[in-house]
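S.K.: Return a 3D structure for these sequence lines:
(chains A and B)
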Amino acid sequence: MERKNPVFTAFIYVCAILLAAVILAPLAWLFVMSISPAADLAAKPLRWWPQMADFSRYAQLLSTAENSAGAAFTASLRNSLEVAGMATLAAIVLAVPAGWAVSRTPSVGWSLSMVIATYMLPPVALSVPLYMGLSYLGLLNNVFGLALIYLTILAPFTTWLMKSGFDSIPREIEAAAMIDGAGLFQTWRIITLPLAAPVVATSALFAVLLAWDEFFYALLFTSDQRAKTLTVAIADLAGGRVSDYGLIATAGVLAALPPVLIGLVMQRALISGLTSGGVKG
Amino acid sequence: MSGTWMTTRAWLLMLPLLVIMVAVIGWPLVDTVRLSFTNAQLVGTAGNFVGFDNYTKMLTSSNFTRTLATTTWFAVISVAAEMVLGVLAALLLNQEFRGRAVLRGLMILPWALPTVVNATLWRLIYNPEYGALNAALTQLNIIGDYRSWLGEPGTALVALIVADCWKNFPLVALIALAALQAVPRDITAAALVDGAGPFNRFRFVILPYLAGPLMVALVLRTIEAFKVFDIIWVMTRGGPANSTRSLSILVYQEAFSFQRAGSGASLALIVTLLVTVLAVAYAALVKKTAGSAA
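M.R.: Residues are numbered from 1 along each chain as shown, chains lettered A, B, ... in the order given. Next comes the predicted model:
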């Protein structure tokens, strides 16, 4: 505010510190748990800071020695990367032509609205037939099957983002290329896609975040190391009889690292995306 | 270029998306409707037509009414808390102070943290024997003995709501902050000159700018909260004594744990209908708010 009242300023700083503490404390604790020796975590009164930082759990989880905790973790890490990668790629391949079509030909827009309205559907409303269908196709406990199912979440979202992206590219530029004799795909290659590259990148990162975060379908449709994703592996650890809580925390830190880095990198895009979505209603 | 060719081309370009959406959303939804009128099992028997039996059975079961109440309670309290905390945080972040950009950046962290990791983190914090919450409260002499926060029906749902709020209020804050930054400076300055107090300035000057974006956030968060599964599954699996069981967890148990695909499908459709009604009612409200704010 315009007033420079010292009491008010102090109040603002107190609130800011409080907010920062609320946000950071649980995250910091997750990290501290991951580097505290097991004895420190079981101590009463609890030791809030390890006497000696112990990074061995990271090595343990990232090792690929057979039948170790690391083998299960790295397998699920690889599955998560594969499923997120494949689903994102497919979602973008579907979203680019569809988003462009809706952007340039609004009369077909109602079909995209219908696709987006499926966001309301709880996954449980689709899960039983999807389970039976995947079982019929032999795609249960399979990364391809899971990636296909993830399109239910990813594709509507990326198409909507691509549509808004194409909206901000003037069609006159495309028209000029076409008058010069370029076909549709040539125009895309030379004009549209280079201009839309940042939107494609943002959409892809959002899609990766969604796929990385997904739990419900992965829980239902995967059963062992061949397809279990990180979220399922972590839920297994959290719900199982693991006696070392530090190991669970370490798995959490490792699983959180990629999305948190993506979130920090695309802060700008994220906030402007929220604003345009939010303010326009 | 002629209009019909443009339209045909648009449909052709959309075809791959629409085919996939029909395969993974359209067909399963239709099949869920079909299943809901049968007594099919998840594996094995295809089941016979049983009319509305599943629906009447589900709607009249005490499990359903209790779970509906739990889910509504979870959704109302957590979304309301997220809205209030989000707006307060946004009002703070809209002030000028050193470190504001850093603090705003931190708000991304809970949002980016995977839901399952968030649930696991809070499960560890609430741990009855070694959890940080018990340790902190005992060391501050607030509680005498360690408690099982997730193990007692009285505290489990509140503990879940706190974990859910921590992850989601920053998103509301970022949306509200973006809206606040659109409030013209001269309007707030004019209200100040006219002698409006802080409350009146918020109510009559700032809130109209916030209303639209906040309504959108409210709708999305409420739908999400009503569909809640992940965080509850990881933290309590719906327990203790089913005190934190949400509708999605009830459907999961019916269709997958007990393998009753038919009645599970009918329950899933009841949930879908509830969410749809909620969304449509909200959409009307958003339109009204957007209209009056403009």
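S.K.: List the buried residues of stretch A:63-79.
M.R.: Within stretch A:63-79, the residues that count as buried by 16 or more other Cβ atoms under 10 Å in any protein chain shown are A:69-70, A:72-77, A:79. C-beta coordinates here come from the backbone N, C-alpha and C atoms, glycine included.
S.K.: so what's B:Thr120 up against?
M.R.: With Cβ atoms under 8 Å, 6 or more residues apart in numbering or on different chains as the criterion, the residues that contact B:Thr120 are A:234-235, A:237-238, A:248, A:252, B:234.
S.K.: do the same with A:Gly263
M.R.: A:Gly263 makes contacts with A:209, A:270, B:108-109, B:111-112, as judged by Cβ under 8 Å, 6+ apart.
S.K.: what pLDDT, on average, does whatever helix or strand it lives in get?
M.R.: In this assignment (DSSP states H and E), A:Gly263 forms part of helix A:245-265. For helix A:245-265, mean pLDDT is 93.
S.K.: Please apply the same query to stretch B:212-230.
M.R.: Averaged across stretch B:212-230, the pLDDT comes to 89.
S.K.: Tell me if that stretch is near chain A.
M.R.: Yes - taking Cβ under 8 Å from any Cβ of the partner chain as the criterion, stretch B:212-230 and chain A are in contact, through B:212-213, B:215-217, B:223, B:226-227, B:229-230.
S.K.: Would you indicate which residues of stretch B:147-163 are buried?
M.R.: For stretch B:147-163, the neighbour count (16+ other Cβ under 10 Å) marks B:147, B:149-150, B:155-157, B:159-163 as buried.
S.K.: OK, now which residue of chain B is nearest to chain A?
M.R.: B:Ala112 (3.1 Å; Cβ to the nearest Cβ).
S.K.: so what's B:Tyr126 up against?
M.R.: With Cβ under 8 Å, 6+ apart as the criterion, the residues that contact B:Tyr126 are B:133, B:149-150, B:159, B:235.
S.K.: scratch that, B:Met235
M.R.: With contact set as Cβ under 8 Å, 6+ apart, B:Met235 has these partners: B:119, B:122-123, B:126, B:150, B:159-160, B:163, B:244.
S.K.: cool, A:Val260 as well?
M.R.: If a contact means Cβ under 8 Å, 6+ apart, then A:Val260 has B:108-109, B:112-113 as its contacts.
S.K.: measure it to A:Val96 for me?
M.R.: Taking Cβ to Cβ, to the nearest Å as the criterion, A:Val260 is separated from A:Val96 by 28 Å.
S.K.: can you redo the contacts of A:Gly263 as a markdown table with neighbour count?
M.R.: Formatted as a markdown table, the entries for the contacts of A:Gly263 read as follows, by neighbours: other Cβ atoms under 10 Å in any protein chain shown:
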| residue | neighbour count |
| --- | --- |
| A:Leu209 | 22 |
| A:Leu270 | 22 |
| B:Ile108 | 22 |
| B:Leu109 | 19 |
| B:Trp111 | 21 |
| B:Ala112 | 23 |
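S.K.: Dump those residues to TSV, plus secondary structure.
M.R.: Formatted as TSV, these follow (DSSP: H, G, I helix; E, B strand; the rest coil):
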residue	secondary structure
A:Leu209	helix
A:Leu270	helix
B:Ile108	helix
B:Leu109	helix
B:Trp111	helix
B:Ala112	helix
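S.K.: Lowest-confidence entry in those?
M.R.: Ranked by pLDDT, the contacts of A:Gly263 bottom out at A:Leu270, which has 72.
S.K.: per-residue confidence for residue 5?
M.R.: No chain in the question, so chain A it is. pLDDT for A:Asn5: 86.
S.K.: you looked at the wrong chain, it should be chain B
M.R.: Per the predicted model, pLDDT is 87 at B:Trp5.
S.K.: just the helices in the stretch 51-200 of chain A please.
M.R.: Counting by DSSP state H, counting those that start in this stretch, residue ranges of the helices within the stretch 51-200 of chain A are A:56-62, A:69-104, A:109-117, A:124-137, A:143-167, A:171-179, A:184-187, A:193-213.
S.K.: nearest to B:Pro184, of those helices?
M.R.: Counting by Cβ to Cβ, B:Pro184 lies closest to helix A:143-167 out of those; the figure is 25.3 Å.
S.K.: same for the closest one, what does it pack against?
M.R.: If you count contacts as 3 or more Cβ pairs under 8 Å, 6 or more residues apart in numbering or on different chains; DSSP states H and E, helix A:143-167 packs onto helix A:69-104, helix A:109-117, helix A:124-137, helix A:193-213, helix A:216-221, helix B:3-21.
S.K.: now the angle from the first one to helix A:193-213?
M.R.: Orientation of helix A:69-104 against helix A:193-213 (axes from the mean of the first three to the mean of the last three Cα atoms, to 10 degrees) gives an angle of 140 degrees.
S.K.: how long is stretch B:252-272 end to end?
M.R.: When the termini of stretch B:252-272 are compared using Cα to Cα, to the nearest Å, they are 14 Å apart.
S.K.: Check which residues of it are buried.
M.R.: When neighbours are counted by 16+ other Cβ under 10 Å, the buried residues of stretch B:252-272 are found to be B:252-256, B:260-272.
S.K.: ok, now which ones touch B:Gly239?
M.R.: B:156, B:245.
S.K.: And the helix or strand where B:Leu214 lies, what's buried?
M.R.: Element membership for B:Leu214, per DSSP H and E: helix B:207-226. Within helix B:207-226, the residues that count as buried by 16+ other Cβ under 10 Å are B:209-226.
S.K.: Relative to the whole chain's centre, how far out is it?
M.R.: Centre-to-centre, helix B:207-226 and its host chain are 11 Å apart (Cα atoms, centre = their mean, to the nearest Å).
S.K.: Assign B:Arg196 to helix, strand or coil.
M.R.: That one is not Arg; residue B:196 is Ala. With three-state DSSP as the basis, the three-state label of B:Ala196 is coil.
S.K.: Check which helices and strands the host helix or strand of B:Gly154 is in contact with.
M.R.: Element membership for B:Gly154, per DSSP H and E: helix B:153-180. The elements that helix B:153-180 packs onto, with contact taken as 3+ Cβ pairs under 8 Å, 6+ apart, are helix A:6-35, helix A:267-280, helix B:62-93, helix B:108-112, helix B:115-125, helix B:207-226, helix B:230-235.
S.K.: quick revisit: any chance of the contacts of B:Thr120 in TSV, plus neighbour count?
M.R.: Compiled in TSV, the contacts of B:Thr120 are given as follows (neighbours: other Cβ under 10 Å):
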residue	neighbour count
A:Ile234	25
A:Ala235	24
A:Leu237	24
A:Ala238	21
A:Ile248	25
A:Gly252	28
B:Val234	26
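S.K.: now, among these, which is nearest to A:Trp188?
M.R.: Closest approach to A:Trp188 among those (Cβ to Cβ): A:Ile234, at 40.4 Å.
S.K.: In a helix, that closest one, correct?
M.R.: Yes - assessed by three-state DSSP, A:Ile234 belongs to a helix.
S.K.: Might you report the residue contacts of it?
M.R.: Remark: with contacts taken as Cβ under 8 Å, 6+ apart, A:Ile234 is in contact with A:248, A:251-252, A:255, B:116-117, B:120, B:234.
S.K.: pLDDT weak spots in the chain?
M.R.: Answering for chain A, as no chain was given. Within chain A, the stretches with pLDDT under 70 are A:1-4, A:271-281.
S.K.: Correction: the question concerned chain B.
M.R.: B:1-2, B:290-294.
S.K.: which residues are in contact with stretch B:53-64?
M.R.: The list of residues contacting stretch B:53-64 from outside it, by Cβ under 8 Å, 6+ apart, reads B:36-37, B:39, B:242, B:250, B:262-263, B:265-267, B:270.
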